[in-house]
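>>> model the structure of this input:
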Amino acid sequence: MLRILHQIFRTGVVTEELPPAEAHEVELSGRRLEEEVRKRFGKSLTIRFVDSGSCNACELELQAVNNPFYDSERFGIHFTASPRFADMLLVTGPVSRNMEIALRRTYDAMPTPKLVVGLGDCSVDGGIFGKSYASLGGIDSVVPVDAWIRGCPPTPSAILNGILKAVSTK
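Okay, here's the model as predicted:
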């Protein structure tokens with residue numbers, strides 16, 4: 001244990017900071033997002049995330065939204081493990097046949113009003129996976145979708161902007 005702690009202190013922070021232009025863009029869109037979230041949801045936006053069969057590139061970018069540089073928590077965005085507490089359902093990837101029932105149950109367990117956002121190109125039409133024996137294609141074949149965040153994968157700032165657009169239009 002001490003050896004690991006010593007290694008951590010010796011290595012230090014190795015993550016690169018955001019370029020100033022992108023940091024400014026994230027700050028502006030984040031503040032607008034925070035205002036919309038407070039106006040529409042009271043205090044914060046709670047998101048239930050579901051991977052319905054993706055390649056995990058979108059999940060990596062979504063995890064970056066929570067890192068210290070983007071820090072979605074400061075804008076009032078929280079992730080939950082329970083759909084019963086969620087305001088938004090964020091889905092990545094095409095819907096695999098094995099995930100169809102789980103995605104539908106997650107959607108049904110959410111309280112109304114339900115906001116569903118598709119993250120990444122695969123969520124729109126199946127992307128490189130398409131429609132096949134293992135994939136149903138886009139997520140709109142299983143649940144109704146309110147907004148899309150395009151990209152393969154979308155950048156963390158695009159994800160924040162997409163959530164802002166989804167919240168603003170609902």
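
>>> so in the chain, which strand runs the longest?
Of all the segments of type strand in the chain, defined by DSSP state E, the longest one is strand 45-51.

>>> send the alpha carbons of it over as CSV?
This file holds the C-alpha atoms of strand 45-51, laid out as CSV (Å, rounded to 0.1, in the frame of the first residue of the first chain):
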residue,chain,number,x,y,z
LEU,A,45,-30.3,17.2,-13.5
THR,A,46,-30.0,13.5,-12.7
ILE,A,47,-29.0,11.2,-15.6
ARG,A,48,-29.4,7.5,-15.9
PHE,A,49,-26.9,6.2,-18.4
VAL,A,50,-27.4,2.9,-20.4
ASP,A,51,-24.9,1.3,-22.8
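
>>> just checking, what packs against it?
strand 77-80, strand 88-92, helix 100-109, helix 156-169 (3 or more CB pairs under 8 Å, 6 or more residues apart in numbering; DSSP states H and E). Glycine gets a C-beta too; all of them are placed from N, C-alpha and C.

>>> pull up the pairing partners for the first one, direction included.
Here the strand partners of strand 77-80, with direction, are listed using DSSP bridges: strand 45-51 (parallel).

>>> angle of the partner strand against helix 100-109?
Counting by axes from the mean of the first three to the mean of the last three CA atoms, to 10 degrees, strand 45-51 points 170 degrees away from the direction of helix 100-109.

>>> contact partners of the helix or strand just after strand 45-51?
Per DSSP states H and E, strand 45-51 leads on to helix 57-65 as the next helix or strand towards the C-terminus. Contacts of helix 57-65 from elsewhere in the structure, counted by CB atoms under 8 Å, 6 or more residues apart in numbering, are 49, 51, 70, 72, 77, 90, 92-93, 119-120, 122, 152-156, 159-160.

>>> helix 57-65: how far from the chain's middle?
From the chain centre to the centre of helix 57-65 is a distance of 7 Å (CA atoms, centre = their mean, to the nearest Å).

>>> mind giving me the packing neighbours of the lengthiest helix in the chain?
Longest among the helix segments of the chain by residue count, using DSSP state H, is helix 20-41. Packed against helix 20-41, as judged by 3+ CB pairs under 8 Å, 6+ apart, are the following elements: helix 156-169.
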